[in-house]
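Asker: predicted model, plus sequence, below.
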Amino acid sequence: GAVVSQHPSWVICKSGTSVKIECRSLDFQATTMFWYRQFPKQSLMLMATSNEGSKATYEQGVEKDKFLINHASLTLSTLTVTSAHPEDSSFYICSARAPSGDTQYFGPGTRLTVL
Amino acid sequence: KQEVTQIPAALSVPEGENLVLNCSFTDSAIYNLQWFRQDPGKGLTSLLLIQSSQREQTSGRLNASLDKSSGRSTLYIAASQPGDSATYLCAVREGSARQLTFGSGTQLTVLP
């Protein structure tokens, strides 16, 4: 099946620093990628939809200047958490959808801890 | 706005039991519904996808049903095993929207 990878799998950083998370579709081209955030024992909340070659569409309440998304190629989308604070600590999961087909393939997630 | 609810939030059963997980959604105009499994600290694994025109899908010991008119789906797990222990999430996709709306999940524990 289709494989989506994320890097890093976990990261610990100091408050005020920026962190970049990569999401790659390994064996298919993804015109659309999605970024989710998941707090402990809660469900996934969509943060933004990323389309290759265009600006991301952010969900209401998500700060686009804080969570920078770049979808530069058909296999790579990046999420940069700028000036991270402890409240940004969470599990970030990306998913990718091929141009045809209905299934979203999810990455393994990235655990961000901001001290 | 679509809301997805899963009941129960947690379930603990002895090995070998058959069990049912429930998912309900408020807007029946969905494109499809998907069931996922999430292990602790891990990403999501897709289990079953049901198109809006379908009533059920089966994969091994798993069977998912969909009643779009009543806004409900069930995931049936037969002969549960300790390895089935995980959080099960359902998600709906609406119309032409590409994103999924997730329920809060059911945390399943199968005791050996």
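Answerer: That came through, no problem.
Asker: strands along chain B, start to end?
Answerer: Per DSSP state E, chain B carries strands over the ranges B:4-7, B:10-14, B:19-25, B:30-38, B:44-51, B:56-59, B:62-67, B:72-77, B:86-94, B:100-102, B:106-111.
Asker: from the contact counts, what lies against the first one?
Answerer: To tie it back to what came earlier, the one meant is strand B:4-7. Secondary-structure packing of strand B:4-7 (3 or more CB pairs under 8 Å, 6 or more residues apart in numbering or on different chains; DSSP states H and E): strand B:19-25, strand B:86-94. All C-beta atoms are positioned from the backbone trio N, CA, C, and that covers glycine.
Asker: run the last query once more with 10 Å
Answerer: When contacts are defined as 3 or more CB pairs under 10 Å, 6 or more residues apart in numbering or on different chains; DSSP states H and E, strand B:4-7 packs onto strand B:19-25, strand B:72-77, strand B:86-94, strand B:100-102, strand B:106-111.
Asker: list the buried residues of that strand.
Answerer: B:V4, B:Q6 (16 or more other CB atoms under 10 Å in any protein chain shown).
Asker: what's the answer for the fifth one, then?
Answerer: With burial defined by 16+ other CB under 10 Å, the residues of strand B:44-51 counted as buried are B:L44, B:S46, B:L47, B:L48, B:L49, B:I50.
Asker: could you give the angle of that strand to strand B:30-38?
Answerer: Interaxial angle, strand B:44-51 versus strand B:30-38 (axes from the mean of the first three to the mean of the last three CA atoms, to 10 degrees): 150 degrees.
Asker: strand partners of strand B:44-51, parallel vs antiparallel please.
Answerer: strand B:30-38 (antiparallel) (DSSP bridges).
Asker: chain B contacts on chain A?
Answerer: A:1-2, A:4-6, A:9-10, A:31-32, A:34, A:36, A:38, A:41-46, A:48-49, A:51, A:57, A:59, A:91, A:93-95, A:97, A:101-111 (CB under 10 Å from any CB of the partner chain).
Asker: narrow those to just the buried residues.
Answerer: Buried among the residues of chain A next to chain B by 16+ other CB under 10 Å: A:2, A:4-6, A:31-32, A:34, A:36, A:38, A:43-46, A:48-49, A:51, A:57, A:91, A:93-95, A:97, A:103-110.
Asker: show me those residues that map onto strands.
Answerer: A:4-6, A:32, A:34, A:36, A:38, A:44-46, A:48-49, A:51, A:57, A:91, A:93-95, A:97, A:104-106, A:110.
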